[in-house]
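Peer 1: quick one: sequence and predicted model below, then my questions.
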Amino acid sequence: MKFMDYICDCCELITVELLDRIEEAKAHCESLGVGVYSDELAIHILKRKPLRPYVERARIISSIKNVDFVFKVNDENNIVVNNEEFYNNNTSPKKYKIGYAPGTYDLLHQGHLEHLSEAASQCEILVVGINDDELVYSYKHKNPYMPTKIRAEIISKLRIVDAVFIANTLERGAANEWIIQKFGHPIDAVFIGSDWMNKDLHNPENFKIIFTDRDPEKMKTRSSTYYRDQISKLS
């Protein structure tokens, strides 16, 4: 087994194929780096501006399990490996035992990562609820870009996520029962983006709700809807 190896990619979108490449490479080395193409190199290769800037692409990749370090690639023919340490592990005491963060999580982006990182900073165990396709359609009136199984697999690869639950209702009773069976402890807090603050939270169990900040201005370029629109313009 090699001590260190690396793969390079634009990392424009997190796909199952990219996750498989990472997992396969990690199986043959102790330390795996991912080289993320700079904005200039991505433009050269893609013949267009990438959907996300380098910093966002690198931060998302650094949050993936099996990725030990991330570095910038400026020239695909001259790879220089430098550990840029985008990911910092928070070891401070946690307020809650188990946190639950339900949502769609389509086209994983920095807004999702900020939301889940805030949740993970407050709980020892973070379970993410992936709303299935039918549930998403019932309240968004459109299908997610990525199907349930793919969204769940991608989120499960985040190092800050301990488990994933597929939800078919906005109420959290079934998720709580599943979490009790798996971890022997109920949900202590439910983490939801502040864009849901004035909506029906479907909370008959009266779980403690913690809203993470979703700045409306930032959401204009950090939302699944934004990236869906950008992808549609490429076709």
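Peer 2: Yep, that arrived. Residues are numbered from 1 along each chain as shown.
Peer 1: every contact and neighbour count from this point should use C-alpha atoms.
Peer 2: Fine.
Peer 1: quick check: what element follows the least confident helix or strand in the chain by mean pLDDT along the chain?
Peer 2: Of all helical and strand segments in the chain, the minimum by mean pLDDT, DSSP states H and E falls on helix 216-219, at a mean of 88. Sequence-wise, the next helix or strand downstream of helix 216-219 (DSSP states H and E) is helix 224-234.
Peer 1: so what touches that following helix?
Peer 2: L51, Y105, D106, L107, L108, H109, Y145, K220, T221 (Cα atoms under 8 Å, 6 or more residues apart in numbering).
Peer 1: what about 10 Å?
Peer 2: 13, 48, 50-52, 104-109, 111-112, 144-145, 219-221 (Cα atoms under 10 Å, 6 or more residues apart in numbering).
Peer 1: filter those to the buried ones?
Peer 2: 13, 50-52, 104-109, 111-112, 144-145, 221 (16 or more other Cα atoms under 10 Å).
Peer 1: report the two of these separated the most.
Peer 2: Greatest spacing in the buried ones among the contacts of helix 224-234, by Cα to Cα: P50 and T104 (23.3 Å).
Peer 1: start and end of stretch 81-94, how far apart?
Peer 2: Terminal residues of stretch 81-94 are spaced 34 Å apart (Cα to Cα, to the nearest Å).
Peer 1: ok, stretch 65-72 next?
Peer 2: End residues of stretch 65-72 are separated by 19 Å (Cα to Cα).
Peer 1: repeat that for stretch 154-167.
Peer 2: Stretch 154-167 end-to-end distance (Cα to Cα) = 16 Å.
Peer 1: cool, stretch 58-73 as well?
Peer 2: 11 Å.
Peer 1: any idea which helix or strand carries C8?
Peer 2: strand 2-9.
Peer 1: next helix or strand past that strand?
Peer 2: helix 16-26.
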